[in-house]
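S.K.: A structural model of the following input is requested.
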Amino acid sequence: MQDSALSSSDAAAKIHLASDLQFLSGVGPDRAKLLAKLGLRAAGDALFFFPRSYEFPSAQTRLIHLREGVPASVVGTITEIESRTSANGRTTLGILVENEDGAFRVVFYNQPFRREQLGRGMRVLVSGTPKLAGLRMQFSHPRITPLALDEAPPPGDILPMYSLTEGLKQPQLRRIIGPIADALADRVQEVLPDSLREDAGERLQMPLPAIADALRQVHTPTDKDELHAARTRLAFQELLVMQLALALRRRRLTTDLTAPPMMPTAQIDARIRNRFPFELTGDQQQTIAEVGRDMGRQFPMNRLVQGDVGSGKTVIAQYAMLLAVAHGYQAIMMAPTEILARQHYATLTKAMARSRVKVGLLTGSLSGAERQQLTAAAESGELNVIVGTQALLYGNVAAAKLGLVVIDEQHKFGVGQRARLRSGGLDPHYLVLSATPIPRTMAMTMFGDLDVSTLRDKPPGRKPVHTYLARDGWRDRWWKFVRERLDEGRQVFVVTPRVSERVADAEETETEETGPEEANAAEAAEVADGMETIAGENVSAAEGVFEELQAGPLADYRLGLLHGRMSAQEKEAVMQRFAQGRTQVLVTTTVIEVGIDIANATVMTILGAEHFGLAQLHQLRGRVSRGRVPGHVCVFTDAEGSPEENERLQVFADTADGFELAEADFRLRGPGDLMGTRQSGMPPLRIADMQRDQQVLMVARQLAQEVIDADSDLSDEAFAALKKQVLRRYGKVLELGDVA
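M.R.: Numbers count the residues shown, from 1 in each chain. Sure thing, here's the model as predicted:
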């Protein structure tokens, strides 16, 4: 008889949501330690640890019925595993799987970690699209589901698939979580009033089950339709709680807070526009009108301006800051890194030349005396505009008359950090900028408390960027092309992935003063496993690329090195040398992803491109579209044998529009860390999927707004449980304490 977490009805009667997992039958202290790595310590944790996907064994295909190019699932036992490494370091893992009908092959390229996951004698369900290779059918990069030797689901059974950690297998988790769901589902409080659940069901055109039925069905599904309804109900509840929190925040910002009105009179508007030595695009004109309307009201503007690379977002920020200064208020502009803060400072100083507007720069690298001097100037009102990094958040800067806060690259700061600037008792207007175009569903979640303006038009004179997806034979040709451009006087970026000695580089998960987040070790190792060879070279770290280029194809040129482990002063010195042309080639990690403006840099090489999202690749490409000379970008990948990855990168090479790429990235990768969600401050979603649940999100948003319009602080007793969940999950990060 198989182990189970609850072996009898008597045991089930004793379990409760707070029960320690290690004391359940079939768990024990060793397995409990593994479960804890997944965040599972109590039975209630397991109940709300939802499957990431499902397998449908009833759809199995017999080996003799496989057709080339037709997706199928086949059960068999692994009988052979062979791993080969080529001269350039690429790995090929070949697996032979047998069943009563014969044998077929499974192949993985450049995924050596699979060798540790799979072993001879393991019974597996292989799902993918087979092709004939020689005399056998072969699956390349299929999904593999481990099955217990005695796990033979009858037709109709559905297998939930959970996220794992090393040492745990799917059958073990199913045997632990399934009985817990059966025992505890009825003890979970229903937070959705029946009328609200029925209304949502009508709009979604499916009846939504009660919470107990949904929890049981999502962990121990028996029917596809019931599973779909259960998962939809749980996703709806999760998204409704989020949208209620955002609706409460929007209400609070417009009714509970007061901001100084700053009307853009005709005289002020004309004076500001006269400072722009170019014609504004139609989108810039529209956005400036929206910003002026917002800032003229008596409650804080909360507007997000999103635009593609080179669309002119900085002009909008300059207009808003000058509008604040014209009314006698100060403006703060925050950037995610000191490099970008210094660049903004230089741009603003130049733009404010021959005016009485005084601009100051405050960063974490300033000496104590310099910081004290700037702080005093801000507090006295001597400075009109203060540019800086997160030192503004964590220091004791108190502007004398703060009227506007501009945050560049909002997703790198997060909701909680944005709220922190408001904690000084002032209610300034907020303008946040994003150079990463945002899919609509993401905008409704991460930035659901903001109004959104979009810049699609680009100023005239911008030249196109030609993008190439390199193959193995391109290496020498590309470096020859790079040398030719260097000989013409152009400058070059060489970008390496965010991995150094099997650990992600710091600057991609940090802002300048706060330090990196703790990365998930398993994820870092998995990423690093794929980093052994890129474009035929050992380039696991920026330092390695720098040394190889200096000794090899670019030996006759002046190279610089930039990465996140350098101090702010070192980074600034490197960027200054590159900006002044003293360095011809800059080898860098993605610290240059956002905002770096070097017009003479027209060529970029991206190594290990498979480790970047499409949106991030597009941001990198934007660094060579700043001047009036066409740019050239070549991306190298070691993802041989992965049609999906090559297709994704081909989309990047073929698509110049950042909004199209953002939607493609969203479809191909899901929300993931598309917008730096780990840093957004918002709790992660447990079951809702922004890609799959777009209709559910729309319904949740509609109903949330209707509920808040009717009951602005959820005071109705029918909403008591729902309100409690909203405050518990989002109260702190969205400053909803006054709603309690």
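
S.K.: Mind giving me the packing neighbours of the strand ranked longest in the chain?
M.R.: Counting residues, the longest strand found in the chain (DSSP state E) is strand 72-85. Under the contact criterion of 3 or more CB pairs under 8 Å, 6 or more residues apart in numbering; DSSP states H and E, strand 72-85 touches strand 91-99, strand 102-109, strand 123-128. Bear in mind the C-beta positions are built from the backbone N, C-alpha and C, glycine included.

S.K.: among those strands, which is nearest Q550?
M.R.: strand 91-99 (28.5 Å; CB to CB).

S.K.: Next, count neighbours for E660.
M.R.: Close neighbours of E660, defined as other CB atoms under 10 Å, add up to 16.

S.K.: Distance check, it against A615.
M.R.: Separation of E660 from A615 (CB to CB, to the nearest Å): 11 Å.

S.K.: close enough to count as contact, Q243 and V707?
M.R.: No - Q243 is beyond contact range of V707, at 9.3 Å (criterion: CB atoms under 8 Å).

S.K.: and these two? which has more neighbours close in?
M.R.: Set side by side, Q243 and V707 show more neighbours around Q243, with 25 against 21, by other CB under 10 Å.

S.K.: List the contacts of the more buried one.
M.R.: By CB atoms under 8 Å, 6 or more residues apart in numbering, the contact list for Q243 reads 444, 448, 697, 700-701, 703-705.

S.K.: mind checking pLDDT for A399?
M.R.: Model confidence at A399, given as pLDDT, is 80.

S.K.: For A289, see how far away the closest residue to it other than its chain neighbours is.
M.R.: Nearest non-adjacent residue to A399, counting by CB to CB, 6 or more residues apart in numbering: Q330, 4.6 Å away. Q330 sits 24 Å away from A289, going by CB to CB.

S.K.: quick one, which of these two is more surrounded?
M.R.: In this view Q330 and A289 are compared by other CB under 10 Å, and Q330 has more residues nearby, 23 against 13.

S.K.: Dig out what the more buried one forms beta bridges with.
M.R.: For Q330, the beta-bridge partners are L402 (DSSP bridges).

S.K.: mind listing what it touches?
M.R.: Here Q330 is in contact with 324, 378, 381, 383-386, 399-404 (CB under 8 Å, 6+ apart).

S.K.: hmm, try it at 10 Å
M.R.: Contact analysis of Q330 by CB atoms under 10 Å, 6 or more residues apart in numbering lists 321, 324, 358, 378, 381-386, 399-405, 428.

S.K.: Out of those, which end up buried?
M.R.: 321, 324, 358, 378, 383-386, 399, 402-405, 428 (16 or more other CB atoms under 10 Å).

S.K.: min pLDDT across those residues, which one?
M.R.: A399 (80).

S.K.: Helix or strand with the lowest mean pLDDT in the protein?
M.R.: Lowest by mean pLDDT, DSSP states H and E among the helices and strands of the chain is helix 521-529, with a mean of 29.

S.K.: sorry, back to before: what angle sits between the longest strand of the chain and strand 102-109?
M.R.: 50 degrees (axes from the mean of the first three to the mean of the last three CA atoms, to 10 degrees).

S.K.: how about the helices of the stretch 251-400 of the chain, start to end?
M.R.: 266-273, 282-295, 313-326, 338-351, 368-380, 391-394 (DSSP state H, counting those that start in this stretch).

S.K.: between the second one and helix 313-326, how big is the angle?
M.R.: The reference is to helix 282-295. Using the same axes, to 10 degrees, helix 282-295 lies at 30 degrees relative to helix 313-326.

S.K.: Packing partners of helix 282-295?
M.R.: helix 266-273, strand 302-307, helix 313-326, strand 402-408, strand 429-434, strand 451-455 (3 or more CB pairs under 10 Å, 6 or more residues apart in numbering; DSSP states H and E).

S.K.: Just the buried positions in that helix, please.
M.R.: So for helix 282-295, counting by 16+ other CB under 10 Å, buried means 283-284, 287-288, 290-292, 294-295.

S.K.: Make a markdown table from the helices and strands packed on strand 72-85 and add distance to W478, mean neighbour count and mean pLDDT to it.
M.R.: Shown next, in a markdown table, are those (distance: least, CB to CB, whole Å; neighbours: other CB atoms under 10 Å; pLDDT from 0 to 100):
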| stretch | distance to W478 | mean neighbour count | mean pLDDT |
| --- | --- | --- | --- |
| strand 91-99 | 24 | 18 | 93 |
| strand 102-109 | 23 | 18 | 94 |
| strand 123-128 | 33 | 20 | 87 |
